[in-house]
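# how would this look folded up:
(one chain, ligands or ions: 2)
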Amino acid sequence: MTREATLIAGDGIGPEITTATLHVLDALGVAFDWDEQYGGMSAVDRAGTPLPDATLDSIRRTGLALKGPLTTPVGDGYRSVNVALRQEFELYANVRPVKSIVPGGRYTNVDLVVIRENTEGMYVGFDRTFKVGNDPKALAQAMSVMTRDGCRRIVRYAFEYARRNDRRKVTVVHKANILKATSGLFLETAKLIAKEYEGQIASDEKIVDNAAMQLVINPAQFDVIVTTNLFGDILSDEASGLVGGLGLAPGANIGEHAAIFEAVHGSAPDIAGQGIANPSAQLLAAAMMLDHIGEVAPAVRLRRALETAIVKDNVRTKDLGGSAATTEFARAVARRL
Ligand code: NAI
Ligand code: MG
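Ligands and ions are numbered 1, 2, ... in the order given. Predicted coordinates for the structure are as follows:
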């Protein structure tokens, strides 16, 4: 198969993990017809903007992108490129699987997916300060916006995801006891949708603070978690910390017309250019991209090769306690293919 897709190598460690990922995809024998575009700082250097029109046009055309981490330039005038992309393409579902791979960790039986609403809630951008008297920031106010349609589509996405992926339970995480309107709407909508799946997919609900604690005490009780934007941001990082950290955490941003696959981590400026970044998160993001276009068999092979390289061959990058370089790790995965 040859499917056109947009490739954004990104900033910092982005080019290193992208090269590693292309090497492995090559060994896997899947041929994407890559349209290489720029975003973040590397786009500022080239085109004077972190999100050039050519990049947006490409994603609009292909509907499919593999993206490296983008550094958001500090300073006024630049909003987060990642948030801009999610809003531009209405990538309403942020899917973050978390699975134990490395043995000997505190948890060996984690296999859960956080599905986070990606466009509403606390991240809609109403967040400002007010001047009172002489104090320009005497008062700060943020507003969360949720719609019934927005709640519906993310919860339905979670149940359909569960069905497609043979998952048995969806846990709805909320704070409806305090945020009665916003989180209340989310919970109310979720309960109605859960009813439609009764007998097929189990569901329960948890208040977010309890869910955060339960994740640490007994992560194996979770299967699919569906939650609102801010809670999902926090819980998905927490969950990735249960299984070895950001180097192993992939994510997908899914909308009706486009999907962007990426690692959960950022551009890691502290280790950029040293050739030691763990490309696993980006490789696992590529596997999610293959799943998304229906290339399930190569996705399974890719995950299996990656796990074997880490567990059996004991080839690990520094973040996992090893000493393998990014390219060595990629070669080890490719060998297993
Ligand atoms: P970060 O995720 O880049 O780094 C956090 C820590 O994890 C660092 O110590 C880093 O070395 C380590 N780390 C991250 N990925 C790794 C990998 N693959 N292998 C080994 N170690 C790894 O977070 P930070 O430093 O807060 O953000 C840096 C930049 O990235 C910022 O400009 C931020 O805006 C951007 N960012 C971009 C994201 C995206 O494009 N999706 C997501 C998060 C941050
Ligand atoms: Mg985050």
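# For the residue nearest to the spatial centre of the chain, pull up the helix or strand it's in.
The structure's the chain has its C-alpha centroid closest to Gly251; by Cα atoms, centre = their mean the separation is 2.3 Å. Element membership of Gly251 [criterion: DSSP states H and E] is strand 250-254.
# Whatever residue of the stretch 201-337 of the chain ends up closest to ligand 1 in helix, strand or coil?
Proximity of the stretch 201-337 of the chain to ligand 1 (Cβ to the nearest ligand atom) peaks at Gly266, 2.4 Å away. Using the backbone N, CA and C atoms, a C-beta is placed for each residue, glycine as well. Put simply, Gly266 is coil when judged by DSSP: H, G, I helix; E, B strand; the rest coil.
# contacting residues for it?
Gly266 makes contact with 12, 69, 71 under the criterion Cβ atoms under 8 Å, 6 or more residues apart in numbering.
# and the host helix or strand of Trp34, which strands flank it?
For Trp34, the host element (DSSP H and E) is strand 31-37. Using DSSP bridges, strand 31-37 pairs in its sheet with strand 2-8 (parallel).
# Quick one: name whatever helix or strand follows the strand it pairs with.
Criterion used, DSSP H and E; the element after strand 2-8 is helix 14-28.
# Against which helices or strands is that following helix packed?
helix 280-292, helix 296-311, helix 326-336 (3 or more Cβ pairs under 8 Å, 6 or more residues apart in numbering; DSSP states H and E).
# any idea of the angle the helix or strand of the chain with the lowest mean pLDDT forms with strand 2-8?
Ranked by mean pLDDT, DSSP states H and E, the helix or strand of the chain with the weakest confidence is helix 81-88, at a mean of 88. Interaxial angle, helix 81-88 versus strand 2-8 (axes from the mean of the first three to the mean of the last three Cα atoms, to 10 degrees): 130 degrees.
# Now for His257, how many residues are close by?
Using other Cβ atoms under 10 Å, His257 has 10 other residues around it.
# I meant Gly133, not that one.
For Gly133, the count of nearby residues is 6 (other Cβ under 10 Å).
# quick one: it from Ala142, how far?
Between Gly133 and Ala142 the distance, using Cβ to Cβ, to the nearest Å, works out to 22 Å.
# Thanks again, I'm all set now.
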